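In: Model the following, please.
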Amino acid sequence: MIELKAHRCSPRPGRLCEGPVWDARTDEVLWVDIPAGRIHRATLRDGDLVGRSTVVMGKRVSAVVPCASGGLIATAVDTFVHIDDGAITEVAALSLPDDGIRRRMNDAKADPCGRLFAGTMAEDEIPGTAALYRLDPDGELSTVRQQVTISNGLGWSPDGATVYYVDSPTHRVDAFDYEAATGTFSGGRTFAKFPDGLPDGLTVDASGYVWVAVWGAGQVRAFDPSGRPHAVIHVGPAQVSSCAFAGPDLDVLVITTAAEGSAAPDAGRLFTCRPGVTGLPTNTYDDTRLVSNDR
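Out: Predicted structure coming up:
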């Protein structure tokens, strides 16, 4: 087992930092602070994040993903919003059950074909009340999985044939066969278990190893494509929320943490680590049809 240590970055702590993503077009790292309703971006330099700028959304924002047209798409409470040159436009909204349960979107990722997957969670984390949705390039919404509790990490194998998915309270990462032509999952199986923490966000490297942020354990853990433990990165704060490979060579793992409910030193900060591997290029949401329809 390889053991590594993450290093603290310069940006001030957030409340619940999540969803780091590398934007190769601008050579910047993007991430969100969910309860603050902010999208941050910063330049990665010598293993640190510098020159941060912020978009204030005015409501909770749980994920941000680069778009093929050059803009961004973000998940904000129950809506998908397109952000381009300062303009914020609603793309689609979820039709959530009218049952008195307060839900919001959580983690989101684009697949290799340009679709966007985004899951939900109940604010009170009521079991089985959330779901995973798919936003197609034409703006059509579909439900992919139901009876989820806290929809979290997503990632695809290098060949796109396997999708990894986290419903955090299950204490495991599941692997599914992925049908690229239709954007559907099948054949679910347990990939890795986490008895001492909750799996949260994840990313997949160029060799197919899966790197998982473990909420409550203060670690990022890596597994080989068969699910065998490979490495652990010690972060510090217990509430490690997500991770992504960044930098021009995709060789720096950027790690987010949360401060809510924690008084630990550096809780809510971002961290980096060079694990000696490279990540996959960031998948973008194919918004070209949406943009052309607006013109």
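
In: Just the pLDDT at the closest residue in space to G37 that isn't next to it in sequence, thanks.
Out: Using C-beta to C-beta, 6 or more residues apart in numbering and skipping residues adjacent in sequence, the residue nearest G37 is M57, 4.4 Å away. In this view, the C-beta of every residue, glycine as well, is placed from N, C-alpha and C. Note on M57: pLDDT of 92.

In: show me what contacts M57?
Out: Counting by C-beta atoms under 8 Å, 6 or more residues apart in numbering, M57 touches G37, R38, I39, A74, A76, V81, I88.

In: export those residues to a markdown table and tack on pLDDT, distance to R221 and neighbour count?
Out: Below are the contacts of M57 laid out as a markdown table (pLDDT from 0 to 100; distance: C-beta to C-beta, whole Å; neighbours: other C-beta atoms under 10 Å):
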| residue | pLDDT | distance to R221 | neighbour count |
| --- | --- | --- | --- |
| G37 | 96 | 30 | 17 |
| R38 | 97 | 28 | 19 |
| I39 | 97 | 27 | 22 |
| A74 | 97 | 28 | 25 |
| A76 | 96 | 30 | 24 |
| V81 | 96 | 33 | 20 |
| I88 | 91 | 36 | 15 |
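
In: Which of those residues sits closest to S157?
Out: Using C-beta to C-beta, A74 comes nearest to S157 of these, at 25.7 Å.

In: Assumed the closest one was part of a helix.
Out: No. Under DSSP: H, G, I helix; E, B strand; the rest coil, A74 sits outside any helix and is assigned strand.

In: Check the spacing between it and D205 real quick.
Out: For A74, the distance to D205 equals 25 Å [C-beta to C-beta, to the nearest Å].

In: And for L72?
Out: L72 sits 24 Å away from D205, going by C-beta to C-beta.

In: who's more crowded, those two?
Out: Per other C-beta atoms under 10 Å, whichever of L72 and D205 has more neighbours is L72, with 23 against 20.

In: So what pairs up with that one in the strands?
Out: Following DSSP bridges, L72 is listed with bridge partners P66, I83.

In: Surely it touches D84?
Out: Yes. Counting by C-beta atoms under 8 Å, L72 touches D84, with 7.4 Å between them.

In: Now the common contact residues for these two.
Out: With C-beta under 8 Å, 6+ apart, L72 and D84 have no common neighbours.

In: returning to what we had before: tabulate the contacts of M57 (JSON lines), appending secondary structure and distance to P158.
Out: What follows is the contacts of M57, written out as JSON lines (DSSP: H, G, I helix; E, B strand; the rest coil; distance: C-beta to C-beta, whole Å):
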{"residue": "G37", "secondary structure": "coil", "distance to P158": "34"}
{"residue": "R38", "secondary structure": "strand", "distance to P158": "32"}
{"residue": "I39", "secondary structure": "strand", "distance to P158": "28"}
{"residue": "A74", "secondary structure": "strand", "distance to P158": "26"}
{"residue": "A76", "secondary structure": "strand", "distance to P158": "31"}
{"residue": "V81", "secondary structure": "strand", "distance to P158": "30"}
{"residue": "I88", "secondary structure": "strand", "distance to P158": "34"}
